[in-house]
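Enquirer: can you look at this prediction? I've put the sequence above it.
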Amino acid sequence: MPYDNSPAAAHNQSMESALQERFSFYKIDNEAKSALAEFYPAFEKALPDLLTQFYDHVAQWPVLVQMFGVRPGGQQAALDRARSAQSTHWLKLFSGRFDQSYVESARRIGEMHARIGLDPKWYFGGYSLTIGNLLAVAIGQYSSRFNPGGAHKKSAHLVASLVKCAMLDMDLVMQVYLEVFYKAQFQKKLDEIATGFESSIGGIISRVSESAGTMQSTASGMSATAEETSKQAGAVAAASEQASTNVQTVASAAEERSKERRVGKECRSRLRSCPPLSPRSAARSASRARSPARRSRTPARPTRWCRAWSAPRRRSAKWWRSSPTSPSRPTCSP
């Protein structure tokens, strides 16, 4: 047969090992199992009355009846289901076999008690009531007029075996009950922590999301502002360049104008220093100026300019040469 290493097989092996340890500690040996097997027919016959007494007592406690999930008008049906399950479990327990079927039945009862939230005080109280009635049946099982000591000894041994089985059953059921109960409490605590954490983190995430949206809007506005600023900077640069060009143009024009004024001033100064024309030269210049042919060929010149240069070149040159105090000949341009 191949070796089974599944989680279920490992769990069963662990339970079987724990059960054997309990058998050794409770002293449930072969003699105890033989006593239970001998008492089993009488127990099976007395079991219906024992369950009737137990559930009649339970029905007087509304808090226990509600735990069976009773619907309106269905109280008796719920109690009958619980009675059937309890009968099956006790038949497995007091048979003395303690097989895997019994272990699984004890686990189911422990899980069911934890699921419905049955307080252990009700479980121990109900068990004590049933064991008391069961021991009353067991005490009357053995009697002898000829050997009362032997009958008493067998009865004591049977009662001890029944008490050991009851304690073992409560031990296994409560172990499963506590496992499921603490697991449920731990899961509930984890759910509360997770809910609180989710609420806290949800608020933080919401605020971070809002801040991110605000930052994105601000960044978009800053980007648009930067773009507009860039455009305006380009326009200012173009205007500055144009203004620089205009300034250079104005400076050049001003420089040219200043040069022209300086040359004109120099020319006027030199013209004022020239001697006046003789009457003959003045008359000749006037005649030429009135001549239509002369006017068509030569544009009119300023009167003082004409006086300086319209006389015969020979006489003018002779005058410049004959005057010892005459300044140098003017070289101004027309």
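Expert: Arrived safely, thanks for sending. Numbers count the residues shown, from 1 in each chain.

Enquirer: all helices of the stretch 1-150 of the chain, in order?
Expert: Counting by DSSP state H, counting those that start in this stretch, the stretch 1-150 of the chain has helices at residues 7-26, 30-58, 62-67, 75-93, 100-116, 120-139, 148-273.

Enquirer: name the stretch among those helices that sits most buried.
Expert: helix 100-116 (a mean of 17; mean count of other Cβ atoms under 10 Å). Where C-beta positions appear, they are placed from N, C-alpha and C, glycine not excepted.

Enquirer: so what's the most centrally placed residue in the chain scoring on pLDDT?
Expert: Central residue of the chain (Cα atoms, centre = their mean): residue 205, 5.2 Å from the mean position. For residue 205, the pLDDT comes out at 75.

Enquirer: likewise residue 32?
Expert: Reported pLDDT for residue 32: 92.

Enquirer: kindly report the same for residue 6.
Expert: 57.

Enquirer: likewise for residue 303?
Expert: 46.

Enquirer: host element of the residue lying farthest from the centre of the chain?
Expert: The centre of the chain is farthest from one residue, residue 280, which by Cα atoms, centre = their mean lies 114.8 Å away. In the assignment (DSSP states H and E), residue 280 maps to helix 279-290.

Enquirer: residue ranges with poor pLDDT in this structure?
Expert: 1-15, 68-75, 202-203, 274-277, 282, 285, 289-334 (pLDDT under 70).

Enquirer: picking that back up, please tell me how far the residue farthest from the centre of the chain sits from residue 44.
Expert: Look at residue 280 and residue 44: by Cβ to Cβ, to the nearest Å, they are 179 Å apart.

Enquirer: what's the answer for residue 38, then?
Expert: Counting by Cβ to Cβ - residue 38 and residue 44 are separated by 12 Å.

Enquirer: and if you look at residue 240?
Expert: On the measure of Cβ to Cβ, residue 240 and residue 44 end up 115 Å apart.

Enquirer: how about residue 222?
Expert: 90 Å.

Enquirer: phi, psi for residue 141 please.
Expert: Dihedral pair for residue 141: phi -70, psi -40, per degrees, to the nearest 10.

Enquirer: check contacts around it.
Expert: 39, 42, 155, 158 (Cβ atoms under 8 Å, 6 or more residues apart in numbering).

Enquirer: looking at those residues, which is nearest residue 288?
Expert: residue 39 (173.3 Å; Cβ to Cβ).

Enquirer: gap between that closest one and residue 103?
Expert: 21 Å.

Enquirer: repeat for residue 16
Expert: 8 Å.

Enquirer: and what of residue 64?
Expert: From residue 64 to residue 103 the distance is 26 Å (Cβ to Cβ).

Enquirer: residue 37 now?
Expert: 19 Å.

Enquirer: now do the same contact list for residue 166.
Expert: Counted by Cβ under 8 Å, 6+ apart, residue 166 has contacts 127, 131.

Enquirer: ok, residue 157 touching residue 36?
Expert: No. Using Cβ atoms under 8 Å, residue 157 makes no contact with residue 36, being 10.4 Å away.

Enquirer: how many residues are close by residue 60?
Expert: Residue 60 is flanked by 8 other residues according to other Cβ atoms under 10 Å.

Enquirer: in contact with it, which residues?
Expert: Neighbours of residue 60 in contact, by Cβ under 8 Å, 6+ apart: none.

Enquirer: ok, it to residue 83 distance?
Expert: 15 Å.

Enquirer: same question for residue 63.
Expert: 18 Å.

Enquirer: residue 267 too?
Expert: Residue 267 is 145 Å from residue 83, by Cβ to Cβ.

Enquirer: which single one of the contacts of residue 141 is nearest to residue 149?
Expert: Closest to residue 149, out of all of the contacts of residue 141 and judged by Cβ to Cβ, is residue 155, at 10.7 Å.
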